[in-house]
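>>> Quick check, what structure comes out for this input:
(chains A, B, C and D)
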Protein chains: 2
Amino acid sequence: MPRSTRRRPALAHPATEEIDLYDVLHALADPTRMTIVRVLRTEPERACGTFPVDVAPSTLSHHFKVLRESGVITQREEANRRFSALRTVDLERRFPGLLDTVLAALARNEAADTA
Amino acid sequence: MPRSTRRRPALAHPATEEIDLYDVLHALADPTRMTIVRVLRTEPERACGTFPVDVAPSTLSHHFKVLRESGVITQREEANRRFSALRTVDLERRFPGLLDTVLAALARNEAADTA
DNA sequence: ACGCCTTTTCGATAGTTGTCGAACATCGCA
DNA sequence: TGCGATGTTCGACAACTATCGAAAAGGCGT
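Okay, here's the model as predicted:
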């Protein structure tokens, strides 16, 4: 019998209808977390430690928790890795167009920074 | 000679190109400020003290400052009143669709709260 | 069984934020 | 000139946040 499969406490994820706008806006109002979201936009999922952010592992863990509890990402455990994925479908159903618009705005924001 | 007209220090407003996405998201990630924005969406401008928010005057002043310095609203002085207006045109030019999308999301958010 | 890798949790800390009350500034008006 | 109305500024304060390092938990490979 495989001893893995559901041992650690289940990860908390809000249901789609429970995703709160203020939580989402707050989650996105941070450069480190926004970087995570931007990367996740281009890939279906990715392990936590592989993101191009320059913070301590414990800090990164904190940001993933904020993103997960706000409903922006899902996290799935596999072995000793934790994979994250954007909840694009859920977010689109809950707040249509929000993610796309914010990411487009992010591109504008960064274009201006380097101009 | 009218003794009014530009006596107090000019109010700080970021230029359109200087509006920062993180500042905007942070400004919108607060229910009191979001209420102000929602009301301002339906009227060209409005005096500070006339908003349906239940906080102390000093707190309200603080929120207006956050909204103004983030580039979400403009403030104009007239006599001893201060009128606020949404920077809809500037915001649309800087981050197309952002304000509309967030306000639509707000409607969804509140609809769910009361459901 | 042991060590390594990945990630979380804990404790601490410095900085930010929302809130208030009191005091101050400005203007219009009597 | 003084009063009242409108807002702001100034402390102060409690709550929250981003950050870190150290320690621990869980899984894999040798």
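>>> ok, and what's touching the helix or strand in which residue A:64 is found?
Here residue A:64 sits within helix A:57-70, counting by DSSP states H and E. Under the criterion Cβ atoms under 8 Å, 6 or more residues apart in numbering or on different chains, residues A:11-14, A:19-20, A:23-24, A:26-27, A:30, A:32-33, A:36-37, A:48-49, A:51, A:53, A:55, A:73-75, A:82, A:84 lie in contact with helix A:57-70. (Each C-beta comes from the backbone N, C-alpha and C, glycine too.)
>>> cutoff 7 Å now
Contacts of helix A:57-70 with the rest of the structure, by Cβ atoms under 7 Å, 6 or more residues apart in numbering or on different chains, involve A:11-13, A:23-24, A:26-27, A:32-33, A:36, A:48, A:53, A:73, A:75, A:84.
>>> and these near DNA strand C, which?
The subset of those within reach of DNA strand C, by Cβ under 7 Å from any atom of the strand, is A:48, A:75.
>>> What pLDDT is listed against residue A:3?
In this model, residue A:3 is scored at 37, pLDDT.
>>> In terms of secondary structure, what does the longest helix anywhere in chain A contact?
Ranked by number of residues, the top helix in chain A under DSSP state H is helix A:98-114. On a contact count with 3 or more Cβ pairs under 7 Å, 6 or more residues apart in numbering or on different chains; DSSP states H and E, helix A:98-114 meets helix A:31-42, helix A:88-94, helix B:21-28, helix B:98-114.
>>> Looking at those helices, which one is packed in the most?
Ranked by mean neighbour count under mean count of other Cβ atoms under 10 Å in any protein chain shown, the helices and strands packed on helix A:98-114 are led by helix B:21-28, which reaches a mean of 22.
>>> And the contacts of that helix?
Outside helix B:21-28, the residues that touch it by Cβ under 7 Å, 6+ apart are A:25, A:28-29, A:31, A:105-106, A:109, B:33-34, B:37, B:66-67, B:70-72, B:95, B:102.
>>> For the residue of chain A found nearest DNA strand C, give its distance to residue A:55.
The minimum distance from chain A to DNA strand C, using Cβ to the nearest atom of the strand, falls at residue A:49 (2.3 Å). Distance, residue A:49 to residue A:55, using Cβ to Cβ, to the nearest Å: 11 Å.
>>> any weak-confidence spans in chain A?
Along chain A, the model assigns pLDDT under 70 to residues A:1-9, A:112-115.
>>> Swap in 90 and give it another go.
Across chain A, the ranges flagged by pLDDT under 90 are A:1-12, A:79-80, A:111-115.
>>> Give me the residue at the spatial middle of it.
Nearest to the mean C-alpha position of chain A, counting by Cα atoms, centre = their mean, stands residue A:73 at 3.7 Å.
>>> Make JSON lines out of the helices and strands packed on helix A:98-114 and add distance to residue B:90.
What follows is the helices and strands packed on helix A:98-114, written out as JSON lines (distance: least, Cβ to Cβ, whole Å):
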{"stretch": "helix A:31-42", "distance to residue B:90": "22"}
{"stretch": "helix A:88-94", "distance to residue B:90": "27"}
{"stretch": "helix B:21-28", "distance to residue B:90": "11"}
{"stretch": "helix B:98-114", "distance to residue B:90": "10"}
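>>> who wins for proximity to DNA strand D among the ones you listed?
Closest to DNA strand D of the helices and strands packed on helix A:98-114 is helix A:31-42 (Cβ to the nearest atom of the strand; 4.7 Å).
>>> Is any residue of the closest one near DNA strand D?
Yes: for helix A:31-42 and DNA strand D, the contact criterion (Cβ under 7 Å from any atom of the strand) is met by residue A:32.
>>> I'm done for today, thanks for sticking with me.
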